[in-house]
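Enquirer: sequence first, then the predicted structure:
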Amino acid sequence: MPHIDLPSEYPGIRSLFIYSPVTAKPLNDLVQTLMHDPGTSTLTPGERELIAAYTSSLNECKYCASTHGAIAKYQLNGNADIVQDILKKDINKAEVSDKLKALLHIAGKVQDSGKSVSSDDISKAKEQGATDREIHDTVLIAAAFCMFNRYVDGLATWTPDDAAVYDAIGEQRAREGYLTKPFVVKNPANKTV
C-alpha cells in the first residue's frame, strides 16, 4: 500500500507523475532524452534500457527493473534472453558486446556509489571501444535510475505482479517514448480501473 494517497489505477512512477504533474514534466523530459530520443546518445535505445534495467535490478526495484527490461526487450527485437541475463545480474553471460558489459560494470559501480567508479573501470570500457560520451551516458542513466528507483520504492507505489502488465508498458514505451499518456491498469488490491 502506498505511503501517500496515489491514483490507484497507475502503477509505479506513473502514479507519482499523475499525483505531481509539476515534477513529472522535468522527470519525463529527462527520461525521454536519456532513454528514447534519437541522436542524444551513441548507445542504442535498447542498450540504454538495459543499463536502466540492470541498475534497477541491483536496487531491487521490481517496477523499474521489470518495466525497463520489457522496454529493452522490444528495443532489442524481442530478445528476452538478453534481458533475463541482465535482470539476473549475470552480465558476463548476456549476449551483448564486451563494450556494453564494461559499461554495465560501470553502471553497477554507480549504483553502489559514484565514488566506486575507478579509473581502471573507465580504462577497461575504453579498451572495449566505449567513447567518453557513452561512459557519460552510462553514468547519467545509472545515477538517474537510482533516483527513480528510490522515488518509486520510497513511496511504496503499487507494483503489479502480472508480467503481461510490464510487457504492455514495454511495448508502448518502446514504440511511443515516455511523453505519451500512460494507460490505465487494473489494480487487484482495490479493483479500480
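Expert: Received, thanks. Numbering: from 1, shown residues only.

Enquirer: quick one: the helices in the protein?
Expert: Assigned by DSSP state H, the chain shows helices spanning 12-19, 21-35, 45-58, 62-75, 80-87, 98-112, 119-127, 132-154, 163-176.

Enquirer: the last one vs helix 45-58, what angle?
Expert: What it means is helix 163-176. If you take axes from the mean of the first three to the mean of the last three CA atoms, to 10 degrees, helix 163-176 sits at 140 degrees to helix 45-58.

Enquirer: which strands and helices sit next to helix 163-176?
Expert: Here helix 163-176 touches helix 62-75, going by 3 or more CB pairs under 8 Å, 6 or more residues apart in numbering; DSSP states H and E. (C-beta placed from N, C-alpha, C; glycine too.)

Enquirer: quick one on the thing from earlier: of the helices of the chain, which is nearest Met1?
Expert: Closest to Met1 of those, according to CB to CB: helix 12-19, at 12.1 Å.

Enquirer: and the closest one, how far out from the chain's middle?
Expert: Helix 12-19 sits 15 Å away from the centroid of its parent chain (CA atoms, centre = their mean, to the nearest Å).

Enquirer: ok, and the closest non-adjacent residue to Ala174?
Expert: Counting by CB to CB, 6 or more residues apart in numbering, Tyr74 is the residue found nearest to Ala174 once chain neighbours are left out, at 3.5 Å.
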